[in-house]
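J.: Would you be able to build a 3D model of this:
(2 chains)
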Number of protein chains: 2
Amino acid sequence: SVNPDLAMERQTASFCVEKLTALLDGGAEQTRIRRAVVAAIESDPVFSRENQYFQTQNERYEAAVRKAVHLQKKMHEMGWTENGPEYKYIYRALSGDIAFLLHRVFMRSISVLGSDKQVAKWIPPATQHQLIGSYSQTELGHGTYLQGLETTAVFDVATQEFILNTPKISAMKWWPGDLGRSATHTVVFAQLYIHGKCYGIHPFIVQVRSLQDHSLCPGIIAGDIGPKMNFEHIDNGYLMLKNVRIPRDNMLSKFCEVRPDGTYVRQGSQKINYFTMTTLRISLLSDEVLTPLMKACTIAIRYSAVRRQSKLKPGEQEAKILDYQTQQEKLLPQLAAAYAFHFINNYLQELFDKGYREIQRKNFDMLPELHALSSGFKAVITHHCTAAVEICLRACGGHGYSLLSGLPSLYTKILASCIYEGENTILLLQTARFLIKCFMAASAGQPVPPSVTYLAAVKPGKCPAKNKSDFLSPDIYTEAYQHVAVRLISSTATKLQDLIQSGVKKYDAWNQCTVQLVQAAKAHCHYIAVKNFAETVERLETKAGIQRIMKHLCDLFALHGIFSNTGAFLHDGYISAAQMDMVTASYLDLLAVIRKDAVPLVDAFDFTDKSLNSALGSYDGQVYERLYEWAQKSPTNKMSPAYERYLKPLLHNTLSKL
Amino acid sequence: SVNPDLAMERQTASFCVEKLTALLDGGAEQTRIRRAVVAAIESDPVFSRENQYFQTQNERYEAAVRKAVHLQKKMHEMGWTENGPEYKYIYRALSGDIAFLLHRVFMRSISVLGSDKQVAKWIPPATQHQLIGSYSQTELGHGTYLQGLETTAVFDVATQEFILNTPKISAMKWWPGDLGRSATHTVVFAQLYIHGKCYGIHPFIVQVRSLQDHSLCPGIIAGDIGPKMNFEHIDNGYLMLKNVRIPRDNMLSKFCEVRPDGTYVRQGSQKINYFTMTTLRISLLSDEVLTPLMKACTIAIRYSAVRRQSKLKPGEQEAKILDYQTQQEKLLPQLAAAYAFHFINNYLQELFDKGYREIQRKNFDMLPELHALSSGFKAVITHHCTAAVEICLRACGGHGYSLLSGLPSLYTKILASCIYEGENTILLLQTARFLIKCFMAASAGQPVPPSVTYLAAVKPGKCPAKNKSDFLSPDIYTEAYQHVAVRLISSTATKLQDLIQSGVKKYDAWNQCTVQLVQAAKAHCHYIAVKNFAETVERLETKAGIQRIMKHLCDLFALHGIFSNTGAFLHDGYISAAQMDMVTASYLDLLAVIRKDAVPLVDAFDFTDKSLNSALGSYDGQVYERLYEWAQKSPTNKMSPAYERYLKPLLHNTLSKL
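T.: From the prediction side, this is the model:
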């Protein structure tokens, strides 16, 4: 039975929820396939996440391994293949709670970086799980700066082997997934030395554990790096190498080869490889960042429609907390952001597909732009969504703080996305470098990539809005975002040039501008996200109320951004104080409008109760019943030895006889 | 041996670290006492937190009980008493990792709310730990809105008993600390009914577990609420009451009594009680909020002085990440905030001591102001410090994400402070209500409390700063903060009045202003914090470089606040765009200045390695060695049954035969 407070919210939806779900999925057929996958996974008890919040790190690891092994069988049974339409939904249906994810990275590395001979040797046994692969890049002392990795691989001409070593503790491999306990093989990145000369970082296949009894191979010291904020199910590992010898054929040699006599040969272009790495940043957004935010919104908004606390009007019953303006102001902008980022993610996917086709035709022109966009949006989206999930958690008060709400796990997991696959500040500075370059080129009348042509058309001007409803015009706010992006990029470019002209060394000048460069890069991405949302809304069919509600969300996303960062818009008077008051008024009005559809808007994300795994967020809104039911299952409700050991003597008053 | 990169940082300190430590402690004698307590606690293996990051919730609970019992013995041995000068350092030295904290709240409730007879009956056995007390207020369905609590206590004249019941699931007590597994007694808050009439919420002493065998008493259903983001060591509990009968004497009756015939009598003033509750919000700041932030700053800044990554100048060795402007911009404002909030906390403590003396003299005039300050600062400081700890965590990249860094635990624990003892948004709205009232009074020429007299002296004007160094003048920036606070309070008051005059009901108008009211309350607190920091600096002795470095931190705290919230200052042109560029320039300059003293400034917090419990933050800065050493102790490095069960069959290729 559905909580009547929640049922009521659904009766008044201004749009067709099923239509919106299909839009999000990319068509009704995709929705059908996704639901079939979810149903198959969730009906299988091996994949259950029911006791997840009660499990230790060891139990989580074991369950993840069990699931990974079972998944092979399941795929076989269901007829799912790695190239089939179902594949992309499997990981989402499992909420990523599965082992051996690095096995795929291991295989991809060999496919991309290995010679044909190496691919022929390693891919078939890897495909058949006759070995378990990992990927060992990051070291204790180096993450961001790959050139600084310290592991060495010295070529021994006499034996035709590479000798791998961890010369000091900071060179120990640290973090590789699946390496701590599972992997038998891994790709190790190390500095290549031939005849005493260093040739830089190269990838080597190294066996770390016996295929017979899983014991560590000679010269290998490896284990698990211990507890983390999340990812308890993954055995992130450490690896030390002591004179580990591997045959010459184990250096992945599609692009660089060491001949038997020690001659080093470069061959081919690594640009496709580089593009693959760039693509990774975008491909993780959907499952690792957007889905968690959508789940958090679903949980927090459903809960806020069921939770009643205090009275809004004297004499009436207690109000739903979703009716308080402050609660709306916490949650609804996060909901709008989830939609905004869903659409920008679609835009980026399309752009990258186009980029891939161009690269196949040996046209690498798009690479710098794609790199800048993927870096900037990876940073902006992960940062924004992490903050948003935290807001959702806090908006649920004490119950949000319980693991049973599901929100803490969503938060601790999404937080990692700000760090992995490129630390966010570093990435934003890469985007900034591209923007400064393009701004200089545009100023000099040179052509620039499509996403930054706006830098060439700098108009001073003022915002033309006359009343608060003008701020519901996408042209008005998109223009304002564009203006701010141009202003921040150009003023930082000017500061940089001024510093250099005043005699400051280029690298010092750059460092002194980095705080502002980061701001500029964010402004650029924010502008593109707003513009893309507005353009997406324009293209939607007007039927079924979808376009209208998406327009509201687009307006909210845009106005929330202005409201939260008023200084950027007020600074040069582009938006006046009076206009800013209109923005505020329009923004607050929108909260009340969208609030009416808040529950249908999260229903459209179409999460099952099992996938949310939340006592607060279930479809039926039976929050208190579920919290109680779940708490009773906690291992903390088993008998504890603490009573006999400590409490009994205490209560029987031994202490006072001390 | 200290990491040379860290040793170098200490050689160039511009001030005397020991002097600053004494200043923070409130005198060298206090430092001595604190260190003695810390030494005694940390040398006792029972209090060790060494394996904390590896323990399950059950293990944490058991250790906390063990420590609580052992502490009694320790205090006896050491001659420490609850009224001695050592007492306040014990909890800090234990990092709060101890059970039975609610026992003190139980005792305080009885002392404050109980009659003399009740105090005489319950306090002696409680003091001797012949029972373990808890405090049961919050229910599944009600936290913030106490009037809405649903537990009932019906007076039965025939038997002279109260009959306690949990009429529905939402009325179940939820969250009370020590209740899940330990407590034998608790104070239950319930709606009192006599002859069918409800008299509102009253406190009742209820026994929940047998003193003989610790089994649950008849009619009691209780247990642990399960896993949380932190506080694994506390058995937060649930409690359902089914016709639980307690004698009439068990209603705490200092202020309200039920006579044998059912007559209800009110007596005395509850104002002191109300003051006690208000004080709680301030008293938690030091140990629960400021100490965690100081620890996080210590960890992140020491790590940033040791971690080298990428090159700042071509050809040189890799740079300390603390030398990057973006890293400074992340960490140094948090360090400045830690000092700012330490000083505002001192100010509040003094104010509350003064308030207490006034109340003793039956002068209750200060109560509204104290309530507004404690609500506002509790919200502002917990919010700011929580965000700051998260920034510290993220600034340490992947290593910050490991539990071994200590940062995840600091974050997940401090986060709770935004929710408990008054949810932050609710508290800010209480401050706002006070501010609006005072603003109206001041506008009408009526007297207002000291902290808000500035509302009466509204000067329009503009910021007089002419160059960037003017923004290092406390008068300039304090005035700017004051201006913003007045503007936000007055404009929101105007909006509120306009709405009411246009016919909107008062409660609706209030709700429509709450987002802006929250902003106004924050601006008020921020102004007072800046002003207090500036005044504190002025009073410091100029010797030993202390005043100079504190002045820098004060400037940074103030300018960071402007830089992060430029719109508030630009809105009405009080600060012009050109002036804002000066603020930015001064702010960025300050980062480079304070960076030089960053390590000495965290050293002054004087945390021992054991109290930090962080592989990244130890005094010697041997980060990588410690991470490796600690990881090896993780239970995830024990043999897992996963190999035999799942990996072996997989690797021996059974799958391909499916």
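J.: For the stretch 101-250 of chain A, what lies in contact range of chain B?
T.: Listed as neighbours of chain B in the stretch 101-250 of chain A under the rule CB under 8 Å from any CB of the partner chain: A:128-132, A:138, A:140-145, A:148, A:169-170, A:172, A:174-175, A:180-182, A:184, A:211, A:214, A:223-229, A:235, A:238. Yep, even glycine has a C-beta here, placed from its N, CA and C like the rest.
J.: Who are the contact partners of the closest residue to A:Arg302 other than its chain neighbours?
T.: What sits nearest to A:Arg302 in space, not counting adjacent residues and going by CB to CB, 6 or more residues apart in numbering or on different chains, is A:Gly617, at 5.2 Å. For A:Gly617, the contacting residues are A:Lys295, A:Thr298, A:Ile299, A:Ala300, A:Arg302, A:Tyr303, A:Ser405, A:Gly406, A:Phe607, by CB atoms under 8 Å, 6 or more residues apart in numbering or on different chains.
J.: Over to A:Gly617: give its phi and psi.
T.: For A:Gly617, the backbone dihedrals (degrees, to the nearest 10) come out as phi -110, psi 10.
J.: Distance of it relative to A:Met294?
T.: Per CB to CB, to the nearest Å, A:Gly617 is found 11 Å from A:Met294.
J.: just to revisit the earlier point, out of the contacts of A:Gly617, which comes closest to A:Phe15?
T.: A:Thr298 (16.8 Å; CB to CB).
J.: Next, count neighbours for that closest one.
T.: 29 (other CB atoms under 10 Å in any protein chain shown).
J.: Within the helices and strands, which one has the closest residue to A:Pro333 other than its chain neighbours?
T.: Leaving aside its sequence neighbours, A:Pro333 sits nearest to A:His560 (CB to CB, 6+ apart; 4.1 Å). Taking DSSP states H and E as the criterion, A:His560 maps to helix A:546-563.
J.: So what's the gap between that helix and the chain middle?
T.: 23 Å (CA atoms, centre = their mean, to the nearest Å).
J.: Kindly provide the distance from A:Val37 to A:Met75.
T.: In terms of CB to CB, A:Val37 sits 10 Å off from A:Met75.
J.: more neighbours, the two?
T.: Looking at A:Val37 and A:Met75 with other CB under 10 Å, you find the greater number of neighbours at A:Val37, namely 22 against 16.
J.: Show the contacting residues for the more buried one.
T.: Applying CB under 8 Å, 6+ apart to A:Val37 gives the contacts A:Trp80, A:Glu86, A:Tyr89, A:Ile90, A:Ala93.
J.: give me every residue that touches the closest residue to it other than its chain neighbours.
T.: Leaving aside its sequence neighbours, A:Val37 sits nearest to A:Tyr89 (CB to CB, 6+ apart; 4.1 Å). For A:Tyr89, the contacting residues are A:Ile33, A:Arg34, A:Val37, A:Val38, by CB under 8 Å, 6+ apart.
J.: A helix includes the third one, no?
T.: Spelled out, that is A:Val37. Yes. Counting by DSSP: H, G, I helix; E, B strand; the rest coil, A:Val37 falls inside a helix.
J.: Look up the pLDDT of it for me, please.
T.: Here the pLDDT value assigned to A:Val37 is 98.
J.: tilt between the longest helix belonging to chain A and helix A:546-563?
T.: Secondary structure of chain A per DSSP state H: the longest helix is helix A:325-360. Per axes from the mean of the first three to the mean of the last three CA atoms, to 10 degrees, the angle that helix A:325-360 makes with helix A:546-563 is 100 degrees.
J.: Backbone dihedrals for the spatially closest residue to A:Pro227 that is not a sequence neighbour, both of them.
T.: Closest residue to A:Pro227 in three dimensions, ignoring its sequence neighbours and counting by CB to CB, 6+ apart: B:Leu403, at 4.0 Å. Dihedral angles phi and psi of B:Leu403 (degrees, to the nearest 10) take the values phi -60, psi -30.
J.: tell me which residues of the least confident helix or strand in chain A by mean pLDDT are tucked away?
T.: Sorting the helices and strands of chain A by mean pLDDT, DSSP states H and E puts helix A:271-284 at the bottom, at a mean of 85. Neighbour-count burial for helix A:271-284, counted by 16 or more other CB atoms under 10 Å in any protein chain shown, picks out A:Phe275, A:Thr276, A:Thr278, A:Thr279, A:Arg281, A:Ile282, A:Ser283, A:Leu284.
J.: Just checking, which helix or strand succeeds it along the chain?
T.: Using DSSP H and E, the first helix or strand after helix A:271-284 is helix A:291-306.
J.: Going by residue numbers, what spans are strands in chain A?
T.: A:133-136, A:152-156, A:161-165, A:173-174, A:185-194, A:197-207, A:220-224, A:237-241, A:244-247, A:256-258, A:264-266 (DSSP state E).
J.: ok so, going back, next one: the residue nearest to A:Pro333, what pLDDT does it get?
T.: For A:His560, the model assigns a pLDDT of 98.
J.: Would you agree it is in contact with A:Thr584?
T.: No. Applying CB atoms under 8 Å, one finds A:His560 not in contact with A:Thr584, separated by 10.8 Å.
J.: What is the burial count for A:Gly268?
T.: By other CB under 10 Å, 10 other residues sit near A:Gly268.
J.: so what's the residue lying closest to A:Gln516 once chain neighbours are set aside up against?
T.: In space, and not counting its chain neighbours, A:Gln516 is closest to A:Thr492: 4.6 Å by CB to CB, 6+ apart. Going by CB under 8 Å, 6+ apart, A:Thr492 touches A:Ala432, A:Ile436, A:Cys513, A:Gln516, A:Leu517, A:Gln519, A:Ala520.
J.: just these now: which is nearest A:Tyr643?
T.: For those, the nearest to A:Tyr643 is A:Gln519 (56.9 Å; CB to CB).
J.: what sits against the closest residue to that closest one other than its chain neighbours?
T.: Sequence neighbours aside, A:Leu488 is the residue nearest to A:Gln519 in space, at 5.6 Å (criterion: CB to CB, 6+ apart). Listed by CB under 8 Å, 6+ apart, the contact set of A:Leu488 reads A:Gln516, A:Gln519, A:Ala520, A:Ala523, A:Ala568.
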